[in-house]
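# Coordinates for the following, if possible.
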Amino acid sequence: MAEDLPPFLRQALIGRIGPTKQEGANASSSSSSHSPTRQPPHILVPPLNFANVSVGISRSGHPNERNYEFLRRLELKTVLYVANEDYRPGMSAFCEQEGIKVLHCPISVNKEPFAIMEDEEVARALECLLDKRNHPIL
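Numbers count the residues shown, from 1 in each chain. You can find the predicted model right below:
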C-alpha cells in the first residue's frame, strides 16, 4: 500500500509510522556494526483548502511557514495572488528565496449582495493562470 504513494509522501509517512515490512526486512538483512543516523523527515502540511485543479494548476488559501516544505515539493514557478491586500511578507520572502514568481492580480471582493467583480480584473487573473509559462502555478 505504501509502495503506491509518491516518494515524498511515502518518506514522510515512514518517519511517522515506521518502514513497511519489506523495507524493514531489507534494513535488517543489510545490518552493519553501525547504522547511519537518519534525520527526521519534514512534516508536509498543505495550505488550507489546497487542491489540484488541473495539470500544473493548484489552489489554496494563504500559505504560511508551516506549508513551506509542502510548497517546495510542488516545484512551483508562480504564485498567483488575487486579493487587494499586499502579499504577506513571509510568503513573499519564501517565494523570492525559492525563485518563485509572484503575480498580484487585485480583484474586488464579491461578498456583498450587489458587489460585482470587474470583468477586466478577472480576465487578467485568468490570462496569468492559463499562460503555461507560469506553470506549475498556485
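
# From L44, how far out is I116?
Distance, I116 to L44, using C-beta to C-beta, to the nearest Å: 38 Å. C-beta: built from backbone N, CA, C; applies to glycine.

# Look at these two and report which has more neighbours.
Comparing I116 with L44 by other C-beta atoms under 10 Å, the one with more neighbours is L44, at 18 against 8.

# The more buried one touches E69, doesn't it?
Yes. Taking C-beta atoms under 8 Å as the definition, L44 is a contact partner of E69 at 5.8 Å.

# Count residues in the vicinity of the closest residue to Y87 other than its chain neighbours, would you?
Of all residues not flanking Y87 in the chain, Y81 sits nearest, at 5.1 Å (C-beta to C-beta, 6 or more residues apart in numbering). By other C-beta under 10 Å, 21 other residues sit near Y81.

# which residues touch Y81?
Y81 makes contacts with Y87, V102, L103, H104, C105, as judged by C-beta atoms under 8 Å, 6 or more residues apart in numbering.

# ok, now how distant is the first one from P113?
Relative to P113, Y87 is positioned 28 Å away (C-beta to C-beta).

# more neighbours, these two?
Counted by other C-beta under 10 Å, Y87 and P113 do not tie: Y87 has more neighbours, with 15 against 4.

# okay, now L80: neighbour count?
Applying other C-beta under 10 Å, we find 18 residues neighbouring L80.

# Got phi/psi on it?
For L80, the backbone dihedrals (degrees, to the nearest 10) come out as phi -100, psi 120.

# what about it, distance to I57?
9 Å.

# same question, F70
F70 is 16 Å from I57, by C-beta to C-beta.

# returning to what we had before: filter the contacts of Y81 down to the buried ones and hand me the PyMOL line.
Listed next is the PyMOL selection for buried residues among those, using 16 or more other C-beta atoms under 10 Å:
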select buried, resi 103+104+105
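
# Among the contacts of Y81, name the ones in strands.
Residues of those located in strands (DSSP state E): V102, L103, H104.

# which residues sit in contact with the second one?
Contact analysis of L103 by C-beta under 8 Å, 6+ apart lists T78, V79, L80, Y81, C128, N134.
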